Structures are given as C-alpha cells and as structure tokens.
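Student: below are the sequence and a predicted model; questions follow.
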Amino acid sequence: MTLPFSTTPPTPVPTALWQENPRAFLKQLFAVAVQRAMPIHCLKPFLPTPPKGRTVVIGAGKAAGAMAQALEALWPADAPLSGAVVTRYHHTPPTPASPPGHVAQKPRIDVLEAAHPVPDAAGLAASARMLDLVQGLSADDLVIALISGGGSALLTLPAEGLTLADKQALNQALLASGAHIGQMNCVRKHLSRIKGGRLAQACVPAQLLTLAISDVPGDDPATIASGPTVPDTTTCAEALELIERLHLPVPPQALTQLRDQTLETPKPGDACFEHAQVHVVATPAQALQAAAQWAQSAGLRAYVMGDAIEGESREVGQAHSAWAQDSAFQRPCVILSGGETTVTLRAQDLSAHLDGMPKPQGGRAGEYGLGLAKALAGQASTWAIAADTDGIDGSQDNAGVLVAPDTLARSEALGVHIDAHLSRYDSYGFFKALDDLVVTGPTFTNVNDFRALLLL
C-alpha cells in the first residue's frame, strides 16, 4: 500500500470516501498532515533578506535535505549562498526538474547523508564539516541552521574521552531504555562537541538564524535534534543521574568530566546567543489541525486530542481504544492525536533475542497499532491509522499501520496471533501478513507521530 507524497496542496476529499473506503480515507488524512509540514510550504515566512556579507547554511535532520532544497528555491538567485546539511540515508529529495530549455544549476547547498538512529562515520565527517563551514565568519555574515528531528544521531561529534564506537553503544542503549526524548537528549548534549548550543558558539560573531521543524512534544527548540544552536537548560548533573539510573555505557573519563562539569553546555544568557534567532516553522499541532480541517470538509466531526502524548506505545493504544465507546465523541468522526510514544524492550526479551530469537521488527506506530487492535477486539465501525510523519516507523520500510474492525478475525484466520507478536515486539510482521502496512517511503519532513481513529 504505497502512498506517494508531493508538495501539492491536497484536493478536497470526496464526501463519500470515508464511508466507501475507510482505509483510503485514513491514508489521505495522513498525507494531508504530512503535506502541511513540507518545507516548501513553511519556510518562506521566516526567511530574512540577504545580509551584507555571506550566507552559510548548515543543518541536520530527516527534513534537512528538503529544507535546504526549499531554501535554495526561495533565496534570491543573485545573493551568495553556500553550505551543507546532513540527512538520513535515502532522505535526500529528488532534484526538481528544470523547465524546458533551462540548464540545471548545481545546488549551492550540499546535502550529505549519514546513519540514523545509530550514528556512523559519515555523520561524524558531516558534523566536522559543519564546524569548518562556520569558521572565520564576520558580524556581516549570516548562518542559517536548518534543524529537524533525527538530527541528534546525524550530527555526531563525541566529546573528549569518547569515540564513535562509544556514541554508537550509547545511542543503542538509550533507544532500548524507554527514556523519553528530553532525557535522551540531555545525555547526548553533554557528551557532544556540537549539540546543546555548542554549534552556536562556533558561529560567533556571525548572525545566526535557526529554522526548525518540530518532532518533539512541546516544540522546544532545545530538544529538537538536541538543540545544537540554542541554549541548554539541562545540566551535567542531570545527565550523570540518567546515565547511572539507566545503566548507560559511558567511559570513565567522560563520567569524570561530567562530575567536574567540564562538559557543561552554554546556558540562556550566554554571549554566544546574543545575535541568534530561532523560529519553529512547522509543528505537530499544525499538521493535526490541517488533517482536522480536511476531515471537516468531508462532513466529519474532528476532535484533536493533543500533539504531545507520550508513554509506552502499546499502552497508549490500549488507552485510546476507550475512545471508540466514549459517547463524548459523536459519530461519524475522526479523533486525532500526536506525540512521541516509546517502546521499551524488557531485559528478558533482550536476552531472548541474544539467544537466537527473531529481532524486534517495527516501531512506535506499529506497537501502538497492536495495543489498539487487541483492546478494540473487533469493535464495529472503528478504523485507525498510526504512522510516523517521516515515513519510517522504527527501522523498517513502512511509515505505520492500519487497524480495522476485522483485524483480529483476519489475523486468527491466517494463524497470525497478536499476543505472540506483542511478546516479541513484531508489529511489522503482524501487519505485513494482513497487508495493512502503510508504506510511503521517506516524506522529507518530520513532525512526529500521527494517529487517527475513524468512528462511523
């Protein structure tokens, strides 16, 4: 079930679509939310006039390639522009076709690619290049930082006493720990030479403009991609407490530097932010509102339940099943929500995988779908979609999953048992067997999880 994405605004929904084909309606609803967050739509109001000196572009995240491409299209052709950004492998958008008779121009901003969610050597090299690009600038120059979710892994430059291998082990441990994004980024910031405002330090004395697409609850720029260009309010002490409580693998030298605060990050009021501005140009709330308006245009009631829902993915799915029986929601309607849930692998499950059992397959959206499907237990006239707006749920090739009234009945008929898939965190295998994966490919933006229940 492949769903293409484009920068074209959505057409009005056929009124009967949600009645005749609920699955198609939910996938289009997801597309509307994603399109609202496309960089070409959201960057223009925040772009300044070109400065007296140079304009250097840096950035990182799953949307960084599309943001760079949009900035080039919107920036005056005769104004100096150069730089480089880093995005996830295969998340560089295709180059737009040149009009007939025009020679294609070489991009002025290089788009580099690296690994996510566990960093690699390409991310290390890209991060070092960012620091090089902002050296030797003057007060007449402007640095534009294009930041989006995923930048924490892509922008990796270990602190003194840490190697790339150390950071890889740390990221893997954080991903399996159940820590929420703010906790993970607190640790990442204090063990980096580029996160937590340190990239802003390197840009001085140039003007600095950060344009961010939010994928985090609350839209705090300091949390998006671990805030490389904004002040950090977390501390070495907080990072150390998390490392010890979560039993994270950190070398002794780095622990010592945390204890003596050598690795402290620049705080609000630091002089390095004197000429810095930040704008969050696209948010999960805006994407949900766009979906709500589109659903209303088809005659459906739309309820937005929040863009910052957190918790264990399967447990959130179980909790949301209660909405299907809540008389506060007048059918027919859609119930929309966003946020960033987590999937915590229990220690015994990790041991089982090391002993030869299949590795977990799927991500937050799929795990939510399993929890929801089991709790709904075939609730009549209730459909749902859960998907990640970047187009990748976890490390598989799907953006998310669909749940239908007959999900459990069809799975049992196929001999696919939901409890077995829950026990091994295999949402991907479960929904693939039902042909209910939502596959989009990279969307080139990222405003976190999208969930919709359709109650008819």
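Tutor: Thanks, I have the structure now. Numbers count the residues shown, from 1 in each chain.
Student: mind listing the strands for the stretch 151-300 of the chain?
Tutor: 207-213, 276-282 (DSSP state E, counting those that start in this stretch).
Student: in CSV: those, plus distance to residue 181, mean pLDDT and mean neighbour count.
Tutor: No exception for glycine: its C-beta is placed from N, CA and C like everyone else's. As requested, those are exported to CSV (distance: least, Cβ to Cβ, whole Å; pLDDT from 0 to 100; neighbours: other Cβ atoms under 10 Å):
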stretch, distance to residue 181, mean pLDDT, mean neighbour count
strand 207-213, 14, 98, 26
strand 276-282, 15, 98, 20
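Student: redo these as TSV? Include distance to residue 108.
Tutor: Below are the strands of the stretch 151-300 of the chain laid out as TSV (distance: least, Cβ to Cβ, whole Å):
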stretch	distance to residue 108
strand 207-213	17
strand 276-282	20
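Student: show the subsequent helix or strand relative to whichever helix or strand residue 365 is part of.
Tutor: According to DSSP states H and E, residue 365 maps onto helix 364-376. Next helix or strand after helix 364-376 toward the C-terminus (DSSP H and E): strand 382-388.
Student: send the alpha carbons of the helix or strand following that following strand over as PDB?
Tutor: Using DSSP H and E, the helix or strand that follows strand 382-388 in sequence is strand 400-403. Listed next in PDB are the C-alpha coordinates belonging to strand 400-403 (Å, rounded to 0.1, in the frame of the first residue of the first chain):
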ATOM      1  CA  GLY A 400       2.900   2.900  10.000                       C
ATOM      2  CA  VAL A 401      -0.100   0.600  10.100                       C
ATOM      3  CA  LEU A 402      -3.900   0.400   9.700                       C
ATOM      4  CA  VAL A 403      -6.300  -1.200  12.100                       C
END
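Student: helices or strands up against whichever helix or strand comes after strand 400-403?
Tutor: Next helix or strand after strand 400-403 toward the C-terminus (DSSP H and E): helix 407-413. Under the contact criterion of 3 or more Cβ pairs under 8 Å, 6 or more residues apart in numbering; DSSP states H and E, helix 407-413 touches helix 364-376.
Student: how about 7 Å then?
Tutor: With contacts taken as 3 or more Cβ pairs under 7 Å, 6 or more residues apart in numbering; DSSP states H and E, helix 407-413 sits against no other helix or strand.
Student: and the very next helix or strand once past that helix, what's its mean pLDDT?
Tutor: The helix or strand immediately downstream of helix 407-413 is helix 418-423, counting by DSSP H and E. The average pLDDT within helix 418-423 is 94.
Student: domain parsing of the protein, as residue ranges.
Tutor: Using automatic domain parsing, the domain ranges for the chain come out as 17-37+284-455, 39-157+192-231+266-282.
Student: just to revisit the earlier point, show me how far the helix holding residue 365 is from its chain's centre.
Tutor: 20 Å (Cα atoms, centre = their mean, to the nearest Å).
Student: now do stretch 268-275
Tutor: Per Cα atoms, centre = their mean, the centroid offset for stretch 268-275 relative to its chain is 27 Å.
Student: what of stretch 268-281?
Tutor: 23 Å.
Student: what lies in contact with that stretch?
Tutor: 42-43, 46, 200-201, 204, 207-214, 219, 221, 229-231, 233, 266 (Cβ atoms under 7 Å, 6 or more residues apart in numbering).
Student: circling back: list the contacts of the helix holding residue 365.
Tutor: 313-318, 320-321, 324, 341-343, 382, 384, 386-388, 393, 400-401, 403, 407-408, 418, 421-422, 425, 427-428, 430-431, 449, 451.
Student: filter the residues you listed to the buried ones?
Tutor: Buried subset of the contacts of helix 364-376 (neighbour count, 16 or more other Cβ atoms under 10 Å): 313-314, 316-318, 320-321, 324, 341-343, 382, 384, 386-388, 393, 400-401, 403, 407-408, 418, 421-422, 425, 427-428, 430-431, 449, 451.
Student: and the residue nearest to residue 51 when sequence neighbours are not counted, bridged to which residues?
Tutor: Using Cβ to Cβ, 6 or more residues apart in numbering and skipping the chain neighbours, the partner closest in space to residue 51 is residue 142 (4.1 Å). Bridge pairing for residue 142 (DSSP bridges) gives the partners residue 55, residue 207.
Student: to what extent is residue 142 buried, counted in neighbours?
Tutor: 23 (other Cβ atoms under 10 Å).
Student: same deal with residue 249?
Tutor: Other residues close to residue 249 by other Cβ under 10 Å number 11.
Student: before we move on, what about residue 66?
Tutor: The number of residues near residue 66, taken as other Cβ under 10 Å, comes to 30.
Student: check contacts around it.
Tutor: So residue 66 contacts 38, 39, 93, 444, 445 (Cβ under 7 Å, 6+ apart).
Student: who wins on neighbours among those?
Tutor: In terms of neighbours by other Cβ under 10 Å, these top out with residue 445 at 31 neighbours.
Student: who are the contact partners of that one?
Tutor: Residue 445 neighbours (Cβ under 7 Å, 6+ apart): 34, 37, 38, 39, 63, 66, 213, 389, 390.
Student: show me the shaky parts of the chain.
Tutor: 1-15, 97-104, 346-360 (pLDDT under 70).
Student: hmm, 50 instead?
Tutor: 1-9, 350-354 (pLDDT under 50).
Student: tell me the buried residues in stretch 152-161?
Tutor: 152, 153, 154, 155, 156, 157, 158, 159, 161.
Student: need the contact partners of that stretch.
Tutor: Contacts of stretch 152-161 with the rest of the structure, by Cβ under 7 Å, 6+ apart, involve 60-61, 86-88, 114, 116-119, 123-124, 127-128, 164, 166-167, 171, 185, 188, 191-195, 225-226, 228, 251, 253-254, 257, 263.
Student: ok, now stretch 33-51?
Tutor: Applying Cβ under 7 Å, 6+ apart, the set of residues contacting stretch 33-51 is 5, 7, 9-10, 63, 66-67, 70-71, 73-74, 76, 79, 140-142, 207, 209, 211, 213, 279, 281-282, 286-288, 290-291, 389, 443, 445, 447, 450.
Student: how long is it end to end?
Tutor: End-to-end span of stretch 33-51 (Cα to Cα, to the nearest Å): 34 Å.
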